[in-house]
Each structure stands twice: as structure tokens, then as C-alpha cells.
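Asker: Show me the folded form of this:
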Amino acid sequence: MTRSDASLGLYDLLLVVMPVSLALGGFASLALSVSTATGMLGGSIPAGGAVWYGLFVDPPETDAT
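Answerer: Below is the predicted model of the structure:
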């Protein structure tokens, strides 16, 4: 694989969305003076949505025959 062939696919982006949204929820709990549980809940909703989308809406396809 050459450098020009490297591109982010859908599942790569989903793997980025999950920890970033959780981290933003944690930072928001510090910046907005809300409880940590509230901040993490706010971050876990988009992370859970990404997991749900990747598993149930557009699951990976296999060539198992």
C-alpha cells in the first residue's frame, strides 16, 4: 500500500467518533461545572450511536460462503 492509497473508510471514522465524543463529554463536564456522570452520558450518546450504526445499520460485509 502506498501513501496515496491510504484513506479513511466509514469504520475508521466510526472508531474516531467513539473516543472523541467520550473525551468531549469529559471535558464538557469540567468546563460546564456539571457532574462527571452527566458529561460522560452526553459523550456516550454519540459514541453509542456510532456503535449502533456500525453494527446494525451498515454492518461489515463478509464473503463467507
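
Asker: What helix or strand is the spatially most central residue of the chain located in?
Answerer: The residue lying closest to the centre of the chain (CA atoms, centre = their mean) is Met18, at 2.1 Å. Element membership for Met18, per DSSP states H and E: helix 10-31.

Asker: in that helix, what counts as buried?
Answerer: Leu14, Val17, Met18, Ser21, Leu22, Leu24, Gly25, Ser29 (16 or more other CB atoms under 10 Å). Any C-beta I mention is one placed from the backbone N, CA and C, and that applies to glycine too.

Asker: tell me the contacts of the residue lying closest to the fifth one once chain neighbours are set aside?
Answerer: Same thing as Leu22. In space, and not counting its chain neighbours, Leu22 is closest to Gly43: 4.3 Å by CB to CB, 6 or more residues apart in numbering. The contact partners of Gly43, by CB atoms under 8 Å, 6 or more residues apart in numbering, come to Ser21, Leu22, Ala23, Leu24, Gly25, Gly26, Ala28.

Asker: Same question for Phe27.
Answerer: Residues near Phe27 by CB under 8 Å, 6+ apart: Gly39.

Asker: where does the protein dip in pLDDT?
Answerer: Applying pLDDT under 70 to the chain flags the ranges 1-5, 64-65.

Asker: rerun at 90
Answerer: 1-9, 33, 58-65 (pLDDT under 90).

Asker: ok, Ala47 - how many residues close by?
Answerer: 20 (other CB atoms under 10 Å).

Asker: Repeat that for the one 5 residues further on.
Answerer: Trp52: 10 surrounding residues under other CB under 10 Å.
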